[in-house]
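Colleague: The following comprises the amino acid sequence and a computationally predicted model.
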There are 2 protein chains.
Amino acid sequence: MVVTVVGLGLIGGSMVRRLRGFMDAKIYGVDIDTETLRLAESDGVIDKGYIDGKSIVGESDLIILCLYPEKNVEFVRENAHLLKKDAVLTDVSGVKGYVLKGIEGYLPDGVEFIGGHPMAGRETGGYKSSTDTLFDGASYLITPAKDNSARAVSLVRSMAEYIGCRHVVTTSPEEHDAMIAYTSQLMHVVAVALCDNPLLERSASFSAGSLRDCTRVALINADMWSELFLENKDALCDRIDEFKESLDAIKLATKTGDREGLKNILARASERKQKWLSETVK
Amino acid sequence: MVVTVVGLGLIGGSMVRRLRGFMDAKIYGVDIDTETLRLAESDGVIDKGYIDGKSIVGESDLIILCLYPEKNVEFVRENAHLLKKDAVLTDVSGVKGYVLKGIEGYLPDGVEFIGGHPMAGRETGGYKSSTDTLFDGASYLITPAKDNSARAVSLVRSMAEYIGCRHVVTTSPEEHDAMIAYTSQLMHVVAVALCDNPLLERSASFSAGSLRDCTRVALINADMWSELFLENKDALCDRIDEFKESLDAIKLATKTGDREGLKNILARASERKQKWLSETVK
C-alpha cells in the first residue's frame, strides 16, 4: 500500500506526521519546495519526497490532495491518465462543490474521488507550522457521491480516524458549502472586517479578551482565503446578508432605545450559544 | 483607612479578593444578596458586609462602585449627603459619559469622583465567578477630570496596580466611550449577531476554532449589555456602521469576483492584526 500526500503545508504536513503506520503503507510526499521535502524526510514522516507528482501517482493507492482547491483540481486533471486502477483520491479543500465540478469527467474508470475537509487549522501556514496534534478531537467531513464504493469510503474514513479526528461526518457537497460559508468563511470575513478599522491601531490599551478572540483569524492567509471566498461566493454572500440583518436588528433596537427588544435578541443568542457549547465536539 | 466595594459580582468580587493589605485598609463590601456577603466574609476577603450602603459610606475613604452604571449613578445620588469629606469615589462601569453626567452636581464639596474601567471580564458573572487573577496583566482605564486632585488620582491608580493591572491608562470620557464602542461593545454585538442564525443549531460538526472564538462572548449577560449598549448608543451605532461598510466591501469584491481587491482587504487586515498583537498588553 502506498499513500501519497500532495502538498506538505499546514494540513498536509500535519497529516504525514500522523500517517506513519496507517495500513503499513509507504508514505510519500509531493511538494514544490525541496527544503520542505528534505525536512519531512529528515523528520522521518515521509519515506520519500517528490517535486513532481508524476513520478509517484502511478504507484499510489490513496492520494490525499492538500493543495489549494484550484491546484487540487489542476493536479487531478494533469495526472488523471497516470493513476493506478482502483486508486482512491481525496482532498482537504475548504470548498467541495467547486472541486467536484472541476474534476468531473477527468477520472478514469475504477478510480474514485471522495471529497474531504478536516475541521482544523491555525493562523500560520506551511510545513513548519504543522503539528502532530492538529486533528486531535476535530471532526472530519466527507462528501461521498452515490457511485463511490463502500471500500473507498471506508478507506478515507479510516485515514481520518487514524490521524486523530474524533468524528467523521458524512454530508453532501451542497450542505457542506452552505454550512462552511457560515461556520468558517463568515467568521473569517467578520474578523477581517473588524480589523478593517483604523481604531484598531490605537486600541491596545482599550481591549480585553473579546477583541482578541473575535479577530483571532484576521491573521489570515490572503491568497488562500480570497480563493475560498470566490469559490463559494453565493453561499458566502447569503451568510453575509443574514448576518447584516441581525446587525441591523441590534442597531435598530439600540438606536430607538428598545431595551426589551435588545434584551430579547441578546438572551436568544446567549441561549443558542449555550446549547452549541453543550453539543460541540472540540 | 476604609475601602468599601459596592456590588460583589464578578468585578467587585475579584477586586476584594485582591484588595487585602491595600494601604492597611479595612475592606467592606456592600451587596443586596446576604448569601454573597456571607461567602465573602467567610472567604476572608471583606472585613464586614452590609446590605445597605448607608450604614458604611460615611466611614469610607475610598468607595469603588461595581454595580451596573444605572445603579452606580443611583447609589451616588442617594448616598451623596452621607459621604465623608475627602472621600474618593470611583466606578468600574463600561461607559463613562453616562455615569459622569448622571452624578453631575450631586457630590458635596471635598468629595471626588474618578471614572475607572478595568479591561477584564468573563462570560459568567456573580461573586461565584470572581477570581483573584482576573485583573492580572490587564489595563485599567481612568478618566480623571480637570478638577480632580493629584491625591485622588494617585489613590485610584495605586488601587488599580495593587489588584494586578499592568497598565493604568488615563483618557477622556469621550475617547473612552468611542474606543470601548469598538474594542468591547462591537465585539459583543458581532458575537450575538453571529449566533442570531438558526444555522448555529446544526453547526456542531462543521466548526473548527473560528466559530468558537468569534462567538465566545455571545454567552452574554443580556441585562447588563443591553444597558451598556443603550448608554453609549451614538458611538456604538457609528461603530456598527463602519463595520457594515467593511462587510460590504468584502461582499462586493466576492460577488464581482475581484480577487485582487479581496486579497488587498485581507492582507491589510492581517497586517493590522499582526501589528496589534505586537503592541497589546494582554
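Modeller: Cool, got the structure.
Colleague: what does stretch A:145-162 contact?
Modeller: A:3, A:18-19, A:22-23, A:62, A:64, A:88, A:90, A:100, A:112, A:114, A:116, A:118, A:135, A:140, A:142, A:144, A:168 (Cβ atoms under 8 Å, 6 or more residues apart in numbering or on different chains). (C-beta placed from N, C-alpha, C; glycine too.)
Colleague: List of residues touching the helix or strand where A:Val76 lies?
Modeller: Using DSSP states H and E, A:Val76 sits within helix A:69-79. The contact list for helix A:69-79, computed with Cβ under 8 Å, 6+ apart, reads A:6-7, A:53-54, A:57, A:65, A:67, A:89, A:91, A:93-95, A:98-99, A:102-103, A:106-107, A:113, A:227-228, A:231.
Colleague: just those that are near chain B?
Modeller: Filtering the contacts of helix A:69-79 for proximity to chain B (criterion: Cβ under 8 Å from any Cβ of the partner chain) leaves A:Glu227.
Colleague: and the contacts of helix A:69-79, which of them are in helices?
Modeller: The helices, defined by DSSP state H, take in A:98-99, A:102-103, A:227-228, A:231 from the contacts of helix A:69-79.
Colleague: any low-confidence regions in chain A?
Modeller: A:281-282 (pLDDT under 70).
Colleague: circling back: and the furthest pair within the ones in helices among the contacts of helix A:69-79?
Modeller: Farthest-apart pair in the ones in helices among the contacts of helix A:69-79 is A:Ile103 and A:Leu228; separation 17.2 Å (Cβ to Cβ).
Colleague: secondary structure element for the residue lying closest to A:Asp258 once chain neighbours are set aside?
Modeller: Ranked by Cβ to Cβ, 6 or more residues apart in numbering or on different chains and with sequence neighbours excluded, the top spatial neighbour of A:Asp258 is A:Leu252, at 7.4 Å. Taking DSSP H and E as the criterion, the element that holds A:Leu252 is helix A:233-255.
Colleague: Which other helices and strands does that helix contact?
Modeller: If you count contacts as 3 or more Cβ pairs under 8 Å, 6 or more residues apart in numbering or on different chains; DSSP states H and E, helix A:233-255 packs onto helix A:173-180, helix A:187-195, helix A:259-279, helix B:187-195, helix B:222-231, helix B:233-255.
Colleague: Quick check, central residue of chain A?
Modeller: Centroid-nearest residue in chain A, with Cα atoms, centre = their mean: A:Gly94, separated by 4.0 Å.
Colleague: Please tell me how far that one sits from A:Cys237.
Modeller: In this view, A:Gly94 and A:Cys237 are 16 Å apart by Cβ to Cβ, to the nearest Å.
Colleague: got it, and A:Cys66?
Modeller: 27 Å.
Colleague: Settle it for me: which of the two has more neighbours?
Modeller: Each of A:Cys66 and A:Cys237 has its neighbours counted (other Cβ atoms under 10 Å in any protein chain shown); A:Cys66 has more, 26 against 17.
Colleague: quick one: contacts for the spatially closest residue to A:Pro69 that is not a sequence neighbour?
Modeller: Setting aside the residues directly before and after it, A:Pro69 is nearest to A:Ser93 in space (Cβ to Cβ, 6+ apart), at 4.2 Å. Shown in contact with A:Ser93 (Cβ under 8 Å, 6+ apart): A:65, A:68-69, A:72, A:99, A:115, A:117.
Colleague: Format the residues you listed as TSV; extra columns: neighbour count.
Modeller: Listed next are the contacts of A:Ser93 as TSV, based on neighbours: other Cβ atoms under 10 Å in any protein chain shown:
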residue	neighbour count
A:Leu65	28
A:Tyr68	21
A:Pro69	23
A:Asn72	23
A:Val99	24
A:Gly115	28
A:His117	28
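Colleague: quick check, nearest of those to chain B?
Modeller: A:His117 (8.9 Å; Cβ to the nearest Cβ).
Colleague: Report the beta-bridge partner residues of the residue nearest to that closest one when sequence neighbours are not counted.
Modeller: Once flanking residues are discounted, A:His117 sits nearest to A:Leu141: 4.5 Å by Cβ to Cβ, 6+ apart. Bridge pairing for A:Leu141 (DSSP bridges) gives the partners A:His117, A:Val169.
Colleague: what's around A:Leu141, how many residues?
Modeller: Neighbour count for A:Leu141, taken as other Cβ under 10 Å: 24.
Colleague: That one against B:Phe206, yeah?
Modeller: Yes - A:Leu141 is within contact range of B:Phe206, at 6.9 Å (criterion: Cβ atoms under 8 Å).
Colleague: Now for the two: what residues contact both?
Modeller: Common neighbours of A:Leu141 and B:Phe206 (criterion: Cβ under 8 Å, 6+ apart): A:119, A:169, A:176.
Colleague: okay, those residues in CSV with neighbour count next?
Modeller: Compiled in CSV, the shared contacts of A:Leu141 and B:Phe206 are given as follows (neighbours: other Cβ under 10 Å):
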residue, neighbour count
A:Met119, 26
A:Val169, 18
A:His176, 25
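Colleague: sorry, back to before: tell me what angle the helix holding A:Val76 forms with helix A:222-231.
Modeller: 80 degrees (axes from the mean of the first three to the mean of the last three Cα atoms, to 10 degrees).
Colleague: starting at the chain centroid, how far to helix A:69-79?
Modeller: Computed by Cα atoms, centre = their mean, to the nearest Å, the separation of helix A:69-79 from the middle of its chain amounts to 17 Å.
Colleague: Show me which residues of that helix are buried.
Modeller: Neighbour-count burial for helix A:69-79, counted by 16 or more other Cβ atoms under 10 Å in any protein chain shown, picks out A:69, A:71-73, A:75-76, A:79.
Colleague: How about the residues of the stretch 1-150 of chain A by chain B?
Modeller: Checking the stretch 1-150 of chain A against chain B by Cβ under 8 Å from any Cβ, the hits are A:119-121, A:138-139, A:141.
Colleague: quick check, nearest of these to A:Ala222?
Modeller: Using Cβ to Cβ, the residues of the stretch 1-150 of chain A next to chain B come closest to A:Ala222 at A:Gly121, 14.9 Å.
Colleague: wait, what's in contact with the closest one?
Modeller: A:10-11, A:134, B:208-210.
Colleague: check contacts around the residue nearest to A:His117.
Modeller: Counting by Cβ under 8 Å, 6+ apart, A:Leu141 has contacts A:116-119, A:168-171, A:176, B:205-206.
Colleague: Convert the C-alpha atoms of stretch A:16-26 to PDB, please.
Modeller: Listed next in PDB are the C-alpha coordinates belonging to stretch A:16-26 (Å, rounded to 0.1, in the frame of the first residue of the first chain):
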ATOM      1  CA  VAL A  16       2.000  12.900   7.300                       C
ATOM      2  CA  ARG A  17       3.100  13.500  10.900                       C
ATOM      3  CA  ARG A  18       0.300  11.100  11.900                       C
ATOM      4  CA  LEU A  19       0.000   8.700   8.900                       C
ATOM      5  CA  ARG A  20       3.100   6.600   9.900                       C
ATOM      6  CA  GLY A  21       1.800   3.000  10.400                       C
ATOM      7  CA  PHE A  22      -1.500   3.500   8.600                       C
ATOM      8  CA  MET A  23      -2.200   0.200   7.000                       C
ATOM      9  CA  ASP A  24       1.500  -0.400   6.900                       C
ATOM     10  CA  ALA A  25       1.700   1.900   3.900                       C
ATOM     11  CA  LYS A  26       4.700   3.600   2.500                       C
END
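Colleague: Isn't A:Leu228 up against A:Leu186?
Modeller: No - contact criterion Cβ under 8 Å: A:Leu228 and A:Leu186 do not qualify, at 11.8 Å.
Colleague: tell me the SS of A:Arg38?
Modeller: Under DSSP: H, G, I helix; E, B strand; the rest coil, A:Arg38 falls in the helix class.
Colleague: which one is it nearest to, not counting chain neighbours?
Modeller: In this structure, A:Arg38 finds its nearest non-sequential neighbour in A:Gly49, 7.3 Å apart by Cβ to Cβ, 6+ apart.
Colleague: wait, is the one you found part of a helix?
Modeller: No - read with three-state DSSP, A:Gly49 is strand and lies in no helix.
Colleague: about what we covered before: which two in the contacts of A:Ser93 are spaced the farthest apart?
Modeller: By the measure Cβ to Cβ, A:Tyr68 and A:Gly115 form the most distant pair in the contacts of A:Ser93, at 14.6 Å.
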